[in-house]
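> below are the sequence and a predicted model; questions follow.
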Amino acid sequence: ARRNSGGAPRMSMSVRVEFDDGRFESHGPSCFCVAAAGSTSEVRLATSFVSAEQARRNMRLELDGRSFDALMRESRDEWDGLLSRARVLEREGETREEFAEPTDARTARRITVFYTALYRALTFPRRIDEVHEDGRRYHWSPYVSGADEKAVRDGVAVTDNGFWDTYRTVYPLLSVVYPDHLEWIVRGWINAFREGGWIPKWASPGYRNSMVGTYGDVVVADALLKGLVRDADRADALQALRKDATVIPPP
């Protein structure tokens, strides 16, 4: 049902703690360990909505064989690459090639505000698909009616978005500066329609009937017009838009 469904299931965890003099591992829905006073510990944690085994696989794929410092560098490089797609020019007529460090505190403040806002614009919607052992992407779906641990589907999945302010701010920005990201985000909303019968009004993580309109339609329609929907998804995208326009959803 579109009204309210798809609360998060019990999450599985894979935890590895390296102590000064030992190591602790736990795999499942919960974990508890105590370190000796004054000792140093390094904790590695991977999660999955699909299964405990998938959480262990995520640990192997994302964390094994990589130090804390290496992961920090990778994260910093990833964010530098994303945020550097946009430049704040200090003077009228200044080009990207002439871009330099800010020359006064007021400009530095404006640049700080801009990149902080840009960072936040890129944190949602949340992507929840995972990598199967055979390499394909799959996910637990919060949009399947009566979703439980068996509601696992193939493909990209996204959630945690309300649309009513982002459909005319964040999503147009993504279409200009991050069209590659918007392509998979929209694919996730189309998958939500395939799995639950509707584009979400408010995804949290499943359907929440807490929005005054269906602004996700605007996002999908804009992506269609801008050529950001794959040919394989276009028919379902159009069907989703037509359904929202012509069918009264359940109360």
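Received it, and whenever you're ready, just let me know what you need.
> use CA for all of it now, contacts and neighbours both
Will do.
> helices of this structure, residue ranges please.
In order along the chain, the chain carries the following helices (DSSP state H): 52-62, 68-83, 105-121, 170-177, 179-196, 216-225, 231-246.
> which parts of the third one are buried?
The reference is to helix 105-121. 111, 115, 118, 121 (16 or more other Cα atoms under 10 Å).
> contacting residues for the first one?
Counting by Cα atoms under 8 Å, 6 or more residues apart in numbering, residue 111 touches residue 88.
> show me what contacts residue 56?
Residue 56 neighbours (Cα under 8 Å, 6+ apart): 13-14, 27, 46.
> and what of residue 26?
So residue 26 contacts 13-16 (Cα under 8 Å, 6+ apart).
> that older thread, how about the buried residues of helix 105-121 in JSON lines, adding distance to residue 171 and pLDDT?
Formatted as JSON lines, the buried residues of helix 105-121 follow (distance: Cα to Cα, whole Å; pLDDT from 0 to 100):
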{"residue": "111", "distance to residue 171": "21", "pLDDT": "88"}
{"residue": "115", "distance to residue 171": "17", "pLDDT": "95"}
{"residue": "118", "distance to residue 171": "12", "pLDDT": "97"}
{"residue": "121", "distance to residue 171": "9", "pLDDT": "95"}
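> which one of those residues is nearest residue 62?
Nearest to residue 62, judged by Cα to Cα, of the buried residues of helix 105-121 is residue 121 at 24.1 Å.
> hang on, that closest one packs against residue 172?
No: Residue 121 lies out of contact with residue 172 (Cα atoms under 8 Å); the separation is 11.2 Å.
> looking at this structure, which helix or strand is least sure?
Ranking every helix and strand in the chain by mean pLDDT, DSSP states H and E puts strand 22-28 at the bottom, with a mean of 79.
> that strand vs helix 52-62, what angle?
130 degrees (axes from the mean of the first three to the mean of the last three Cα atoms, to 10 degrees).
> can I assume residue 52 is in contact with residue 27?
Yes: with contact defined as Cα under 8 Å, residue 52 reaches residue 27; the gap is 6.3 Å.
> anything in contact with each of these two?
12-14.
> now, those residues that are in strands?
12-14 (DSSP state E).
> now flag whichever of the shared contacts of residue 52 and residue 27 is closest to residue 152.
Using Cα to Cα, the shared contacts of residue 52 and residue 27 come closest to residue 152 at residue 12, 14.4 Å.
> how much space between the spatially closest residue to the closest one that is not a sequence neighbour and residue 45?
Counting by Cα to Cα, 6 or more residues apart in numbering, residue 12 lies nearest to residue 29, which is 4.5 Å off, once chain neighbours are set aside. Distance, residue 29 to residue 45, by Cα to Cα, to the nearest Å: 12 Å.
> the more surrounded of these two?
Neighbour count, other Cα atoms under 10 Å: between residue 29 and residue 45, residue 45 has more, with 18 against 14.
> check what pLDDT the more buried one gets.
Predicted confidence (pLDDT) for residue 45: 92.
> re the thing from before, nearest to residue 138 among the buried residues of helix 105-121?
Nearest to residue 138 among these, counting by Cα to Cα, is residue 121 at 24.8 Å.
> spatially nearest residue to that closest one, not counting backbone neighbours?
Distances taken as Cα to Cα, 6+ apart place residue 170 nearest to residue 121, at 6.2 Å, with adjacent residues excluded.
> wait, the one you found touches residue 120, no?
No: Residue 170 is beyond contact range of residue 120, at 9.8 Å (criterion: Cα under 8 Å).
> what are the bridge partners for the most centrally placed residue in the chain, then?
Closest to where the C-alpha atoms of the chain average out (Cα atoms, centre = their mean) is residue 126, at 2.3 Å. In this structure, residue 126 bridges to residue 159 when assessed by DSSP bridges.
> that one: what's it in contact with?
So residue 126 contacts 158-161 (Cα under 8 Å, 6+ apart).
> just name the closest of those residues to residue 230, please.
Checking the contacts of residue 126 one by one against residue 230 (Cα to Cα), the nearest turns out to be residue 158, at 16.6 Å.
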